[in-house]
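Undergrad: everything below, folded, please.
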Amino acid sequence: MLLAHAMNNALPALLLFPSLLLAQTAAPVIVIEQTRKVDVAISPISGAQGPAITKVLQNDLERSGACRIVDPASASFTLSGTLTPSGLAGRATPKTGGAPLVDSSFSGDARRAAHQFADAFVEALTGTPGFASSRITFASASGGKKTKVKEIYLSDIDGANARQLTQDSALGYCPKFSPDGTKIAYSSDKSGYRDTYVIDLNSKKRSIVAQFPGQNTGATFSPDGSTLALSLSKFGNPEICTLPASGGSPTRLTQTRGTDCSPTWSPDGTKIAYVSDERGSPGIYLIPATGGTPEKLNTESSYTTEPDWSPDGKKIAYSITSGGGQIGVYDIDSKKARIVSRGSGLESPSWTRNSRHLVCSQNGTLVLLDSLTGEAIKIPYNLSTNTEPNTTR
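TA: Just a heads-up that it's a prediction; the model follows:
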């Protein structure tokens, strides 16, 4: 339902919804059509780092898929800001005048404050969270065939501030954030066996949480952070199990003759999607988080792996090995699947907060993939062979 009044035709691409409450500043919350872009101008940010932070803000808005950067005369909104000792004071002013869409202070270092400003503007514009302030964890490989290692890294979602978290000199796999972004679960062969560890990013301490006979892989935190779902082969074939996030006795959820792996939780914590080859080629299955009868999803692809459930709970993204490496998305309600990527060599999708964009690996490079347009933007690193990304939400 449209609002009874329009904004003097200044924003012809915008749809205004009365069900979205006004912010405390009395600024309207605006929702744009999913693939439309709003024309936005950025006044130079004032302060010692102003030019660099202006560019950071511009890049954030362009990556969002919601904005097109234009000259001020053509813009529907103009963003401006001032760097302060504690962060950034940001303001987004509509061309038509009236209350600003955003008028807030954002704390932290200059880059992080700019990311938060971008997220606040995008959320006010689209009604969905921005992801500029998200971080990525991923595995990065180095060395030759006989000396290959994969260490776990952490960075901002734009590739900045990349740092190595592990020094295992071993193969590390499948890093996954906890819901609050303060911990990372991953698997490593550092002990000679594939065990599961949790890194506390605040204390920088690491603990081993699954060291059962056989493989302990693919651990992912439940939405409340209290439980891990993972694949354990202690029972024979790799099966999907759950156990306390701090370690403990596992609860077995699947009992199949195949390999069950790569679990991902529904946002409400009631279901787990996972991969199984019990009927031949790997496919995506659903099971209640407390156990029960699995349900196979019809993705219409013969070889599907690495599912990731979207934050809005409506979709599951996955890798399609057949066809050279594509990303598919399965809609939970309609039970329909579609390929959302272009090109080849894509794998390991991880949803961002807006349930539209995905971070994926493409031939060893991390990319930001728009699931609506198929556009993929390279995330720059001074590293090679980066795989298995996971984002904070």
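
Undergrad: who's the closest spatial neighbour of Asp39, skipping the chain neighbours?
TA: In space, and not counting its chain neighbours, Asp39 is closest to Val70: 4.5 Å by CB to CB, 6 or more residues apart in numbering. In short, each C-beta sits where N, CA and C put it, glycine included.

Undergrad: confirm Ala118 sits in a helix?
TA: Yes. Going by DSSP: H, G, I helix; E, B strand; the rest coil, the assignment for Ala118 places it inside a helix.

Undergrad: Ala132 touches Asp119, doesn't it?
TA: Yes. Contact criterion CB atoms under 8 Å: Ala132 and Asp119 qualify, at 5.2 Å.

Undergrad: need the overlap of contacts for these two.
TA: Asp60 (CB atoms under 8 Å, 6 or more residues apart in numbering).

Undergrad: what number of residues lie near Lys146?
TA: Lys146 has 5 neighbouring residues, counting by other CB atoms under 10 Å.

Undergrad: and Asp109, by the same measure?
TA: 14.

Undergrad: strands along the stretch 151-300 of the chain, start to end?
TA: 163-164, 172-177, 183-188, 195-200, 206-210, 216-221, 227-232, 239-244, 251-252, 260-265, 271-276, 283-288, 295-296 (DSSP state E, counting those that start in this stretch).

Undergrad: any chance of those strands in CSV, plus mean pLDDT, distance to Thr305 and mean neighbour count?
TA: Formatted as CSV, the strands of the stretch 151-300 of the chain follow (pLDDT from 0 to 100; distance: least, CB to CB, whole Å; neighbours: other CB atoms under 10 Å):
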stretch, mean pLDDT, distance to Thr305, mean neighbour count
strand 163-164, 97, 27, 9
strand 172-177, 97, 12, 24
strand 183-188, 98, 16, 24
strand 195-200, 98, 19, 21
strand 206-210, 97, 21, 18
strand 216-221, 98, 11, 24
strand 227-232, 98, 12, 26
strand 239-244, 98, 14, 22
strand 251-252, 97, 21, 14
strand 260-265, 98, 6, 25
strand 271-276, 98, 5, 24
strand 283-288, 98, 8, 20
strand 295-296, 96, 14, 12
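
Undergrad: more neighbours, Ala132 and Asp119?
TA: The residue with more neighbours, out of Ala132 and Asp119, is Ala132; 28 against 22, by other CB under 10 Å.

Undergrad: separation between that one and Gln116?
TA: Distance of Ala132 to Gln116, computed by CB to CB, to the nearest Å: 8 Å.

Undergrad: repeat that for Ile53.
TA: From Ile53 over to Gln116 (counting by CB to CB), the distance is 12 Å.

Undergrad: which neighbours do those two have in common?
TA: Leu88.

Undergrad: centroid residue for this structure?
TA: Central residue check for the chain by CA atoms, centre = their mean: the C-alpha nearest the mean position is that of Thr352, 3.0 Å away.

Undergrad: and the pLDDT at it?
TA: With respect to pLDDT, Thr352 scores 98.

Undergrad: quick thing: my sequence starts at 44, can you match it?
TA: Yep, numbering from 44; the last one is Thr395 now.

Undergrad: residues contacting it?
TA: Phe174, Ser177, Ile200, Leu401, Val402, Leu411, Thr434, Arg436.

Undergrad: repeat for Glu343
TA: Glu343 neighbours (CB under 8 Å, 6+ apart): Ala380.

Undergrad: looking at it now. What's its pLDDT?
TA: What the model reports for Glu343 is a pLDDT of 91.

Undergrad: cool, and the one 3 residues further on?
TA: Each residue has a pLDDT score; the one for Tyr346 is 93.

Undergrad: cool, His48 as well?
TA: For His48, the predicted pLDDT is 30.

Undergrad: repeat for the one 3 residues further on
TA: What the model reports for Asn51 is a pLDDT of 32.
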